[in-house]
Structures are given as C-alpha cells and as structure tokens.
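Student: Can you look at this prediction? I've put the sequence above it.
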Amino acid sequence: MNQSPQFRPLLALAALLLLAACGGRSDPPPLQGATMGGPINLIGGDGRRVSDSQFAGRYRIVYFGFTFCPDVCPVDLALIGAGLRRFEAEDAARAARVTPIFISVDPARDTPAVVGAYAARFHPRIVALTGSEEEVAQVARRYAIYYQRQPPAQPGGAYLVDHSRQIVLYGPEGEPIAILPHDQGIDAFVAELRRWVR
Ligand code: NI
C-alpha cells in the first residue's frame with residue numbers, strides 16, 4: 001500500500017476506534033450464529049394468533065413446556081417470573097425490553113385459555129402460546145426443542161410429556177443469544193439478563 005503521510009493519523013484513529021469497539025464488550029454471545037429460532041405462528045392465551053413479528057425489537061426468553069408438568073416447568077417458570085421481576089425492580093427500562101414466552105408442547109390439553117391462565121400465575125407479561133399439534137411441532141423443531149408424549153402409567157390415565165429443559169434468551173431480531181441457567185439460582189439467572197439485555 002502507498003499511503004500518503006497525511007492519511008496516517010486518520011488510519012491510526014480508525015484503528016483505535018476499532019479497538020475501542022472490540023474491547024468495549026467482552027465475549028460474543030454463546031449462541032451467536034446458532035441455527036435455532038425463527039418464525040412463530042401460534043395462538044395466544046386470549047385465542048388470538050400470535051406471530052414472532054410482534055416481538056420485533058424485543059428480547060425474548062423462550063421456554064417450552066406444558067401446564068400438566070408436575071415439577072420441572074413450574075420451577076423453571078417460577079424462576080423466569082421471579083428473575084424478570086428482580087430485573088424490572090433494578091432496571092425497569094431494560095427489563096421492559098424483554099418478553100417472556102411460554103410455548104406448550106401439549107396442545108391436546110393446553111388450550112389457549114388453559115395455557116394463558118397457567119402462565120399468568122408466574123408473571124403477568126408471559127406470552128403463553130399453543131396451537132395445533134403440527135404447528136407446535138414445527139416451532140419446537142425450529143427452536144431446537146425435543147419433546148415426546150409418554151404412555152400413561154395406567155391405561156386411560158394422565159400422560160406426561162418429556163421435553164428439553166432450555167430457557168433461551170433471544171435478541172431483538174430473534175437471534176439466539178444465550179441459554180439462561182435454570183439450576184444456579186435467581187442471582188445467576190438475573191446476571192445473565194443484565195449481561196446481555198441492552
Ligand atoms: Ni415440564
């Protein structure tokens with residue numbers, strides 16, 4: 001390259017700004033570039049269609065489960081609810097940019113009304129979603145969630161649904177950011193929100 005001397009200070013300044021930009025944030029998001037997430041077209045707790053475009057510009061905490069779940073889902077949803085309330089208390093503006101989303105993997109029993117009432121017990125802003133078996137299966141695949149209905153213990157008895165236990169934070173464009181820890185307590189959970197939500 002043949003740089004004339006008068007350009008050198010400018011180049012040095014550009015390099016410095018680049019360094020500052022890189023040094024300002026520590027690590028890239030752990031899920032950066034992961035192929036998960038994407039379109040959602042399901043039914044909300046009020047019976048209306050909900051599309052992912054409604055969440056544009058907002059961070060999303062996405063969790064899949066089912067209302068009949070005896071132990072895991074209630075614990076995880078309680079963490080999401082309490083964690084978000086804590087984040088709201090400490091930084092209302094940033095917390096308002098986060099939309100929690102609960103998607104049922106048991107649409108046969110989780111009607112819109114059932115899933116809506118259930119999710120509201122954990123946080124008033126949780127968007128509860130269900131749909132047809134096929135719609136739910138499609139979204140679960142996109143979001144890298146496994147689930148499998150189990151045979152009931154007794155014939156005709158209630159069944160359970162095995163499912164991935166992942167609380168995933170997505171960014172304002174729907175891009176995956178990080179898995180939020182479900183087993184390290186509320187402090188660790190909120191620390192991750194604080195870290196990634198701008
Ligand atoms: Ni569950």
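Tutor: Thanks, I have the structure now.

Student: Quick check: residues of this structure near the ion?
Tutor: Residues of the chain lying near the ion by Cβ under 5 Å from the ion: Gly65, Cys69, Val72, Cys73. For every residue, glycine as well, the C-beta is placed using N, CA and C.

Student: can you rerun that using 6 Å?
Tutor: Gly65, Phe66, Cys69, Val72, Cys73, His163 (Cβ under 6 Å from the ion).

Student: from these, which would you call buried?
Tutor: Buried subset of these (neighbour count, 16 or more other Cβ atoms under 10 Å): Gly65, Phe66, Cys69, Cys73, His163.

Student: Those residues in helices, which ones?
Tutor: Mapping those onto helices (DSSP state H) picks out Cys73.

Student: Which ones among the buried ones among the residues of the chain next to the ion map onto strands?
Tutor: In strands, defined here by DSSP state E, the members of these are Gly65, His163.

Student: how about the buried ones among the residues of the chain next to the ion in CSV, adding pLDDT and distance to Asp110?
Tutor: Converted to CSV, those look like this (pLDDT from 0 to 100; distance: Cβ to Cβ, whole Å):
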residue, pLDDT, distance to Asp110
Gly65, 98, 9
Phe66, 98, 6
Cys69, 95, 10
Cys73, 97, 11
His163, 96, 12
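
Student: rewinding a little: mind picking the two most distant members of the residues of the chain next to the ion?
Tutor: Greatest spatial distance in the residues of the chain next to the ion: Phe66 and Val72, 9.9 Å, computed using Cβ to Cβ.

Student: okay, now Leu79: neighbour count?
Tutor: The tally of other residues near Leu79 (other Cβ atoms under 10 Å) stands at 23.

Student: coming back round to it: so can I have JSON lines of the residues of the chain next to the ion showing distance to Val114?
Tutor: Listed next are the residues of the chain next to the ion as JSON lines, based on distance: Cβ to Cβ, whole Å:
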{"residue": "Gly65", "distance to Val114": "13"}
{"residue": "Phe66", "distance to Val114": "10"}
{"residue": "Cys69", "distance to Val114": "13"}
{"residue": "Val72", "distance to Val114": "18"}
{"residue": "Cys73", "distance to Val114": "13"}
{"residue": "His163", "distance to Val114": "17"}
